[in-house]
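Engineer: the following block contains a protein sequence and its predicted model.
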Amino acid sequence: MLEGLMAQVERIVILTGAGISAESGIDTFRSAGGLWEQHRVEDVATPEGFARNPNLVLNFYDMRRAALASVAPNPAHAALARLEREFAGELLLVTQNVDDLHERGGSRSVLHMHGELKSALCSACEMRSPWHVTMIERPPCPVCQAPTLRPDVVWFGEMPYEMGRIYAALENCDLFVSIGTSGAVYPAAGFVAEARANGARTLELNLEPSEGSRLFHETRHGPASALVPQWVEEVLGG
Ligand code: BJW
């Protein structure tokens, strides 16, 4: 349905989720055997869970940060980096992922709306600092020296990052593409409706129909490592 329209596209917003990193070996959240089957979401992904048992939460994120060393970007990440380099129009890449595979795949500009594993947030001074090691030992904040660091990720009930910039781009884009996300978590799950309301075409690339599939003009189902390079080729090929 979108074929042939790609040549006219000037402003694209792309939203990625855990599915784009699945083939790199990072667990998704809601798949069978995914992170939410291994851990209770209210224990590890809420401010209340962190207040109740900080060691459990720090360990959960320390393990996931350490695991980044043994994974690599896949062809879907590389294709989006190629799109950023070669697309003549405007592109905003928004990811819900806290991994660094878009950057390691070559993307230069990535908006991490749910934060990043390789960043620390100080609960005392509220500053964010690059972070590459464990937090379980309560290291001091590099800015204020207080032992009050937490993972710089967005938990349920917290405000995702950069919402103003994202909604501004959704208002102005002519194509919104959602890749590898279940559409189960707001506000990201509402982006497709926001983009459509502003006149954009919408495309879902996902292994299987997501919770919000019916909201898209077009859906394509299959692994991101195949679908994303193919779609990027269509856009750049005109
Ligand atoms: C493949 C594949 C392959 C597999 N190839 N595909 C209504 C409106 C607004 C808010 C709410 C609402 N109702 C409730 C809320 C509040 C809440 C919420 O959404 N709750 C839901 C349970 C309903 N939201 C919040 O609290 C958010 N904050 C907020 O709303 O603030 C107020 C506000 C209002 C309005 C505007 C702005 C702000 C915060 C949400 C924070 C989410 N945090 C987490 C944890 C981050 C840290 C961490 O990583 O640990 O973010 S939860 C988790 O879910 C993580 C993910 O980013 C997020 C989404 O998951 P994702 O990426 O979609 O993964 P999966 O596993 O669900 O799906 C994977 C998909 O990939 C599947 O579809 C597979 O098929 C596919 N796939 N392999 C292609 N090879």
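Structural biologist: Cool, the structure landed.
Engineer: where does this structure come near the ligand, residue by residue?
Structural biologist: The chain comes close to the ligand at residues 17-19, 22-23, 28-31, 34, 45, 96, 98, 114, 153-160, 163, 180-182, 184-187, 206-208, 210, 223-224, as judged by CB under 6 Å from any ligand atom. (Glycine included, C-beta is placed from N, CA and C.)
Engineer: report the contact partners of the residue of the chain most remote from its centre.
Structural biologist: Largest separation from the mean C-alpha position in the chain: Gln145, at 29.9 Å (CA atoms, centre = their mean). If you count contacts by CB atoms under 8 Å, 6 or more residues apart in numbering, Gln145 has none.
Engineer: quick one: pLDDT of it?
Structural biologist: Note for Gln145: predicted pLDDT of 98.
Engineer: next one: the least confident helix or strand in the chain by mean pLDDT to chain centre, how far?
Structural biologist: Using mean pLDDT, DSSP states H and E, the weakest-scoring helix or strand in the chain turns out to be helix 35-38, at a mean of 92. Here the centre of mass of C-alpha atoms in helix 35-38, compared against the chain's by CA atoms, centre = their mean, to the nearest Å, lies 18 Å away.
Engineer: which residues of the chain fall in strands?
Structural biologist: Applying DSSP state E to the chain gives strands spanning 11-16, 90-95, 111-112, 115-122, 128-130, 149-153, 175-179, 201-206, 218-221.
Engineer: quick one: which of those is nearest Arg104?
Structural biologist: strand 115-122 (10.8 Å; CB to CB).
Engineer: just the CA coordinates of that closest one, formatted as CSV?
Structural biologist: Below are the C-alpha coordinates for strand 115-122, written out as CSV (Å, rounded to 0.1, in the frame of the first residue of the first chain):
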residue,chain,number,x,y,z
GLY,A,115,16.3,6.0,29.2
GLU,A,116,19.6,4.1,28.8
LEU,A,117,21.4,1.3,30.7
LYS,A,118,24.6,3.1,30.2
SER,A,119,23.4,6.2,32.1
ALA,A,120,22.9,6.8,35.8
LEU,A,121,20.4,9.2,37.3
CYS,A,122,21.1,10.8,40.7
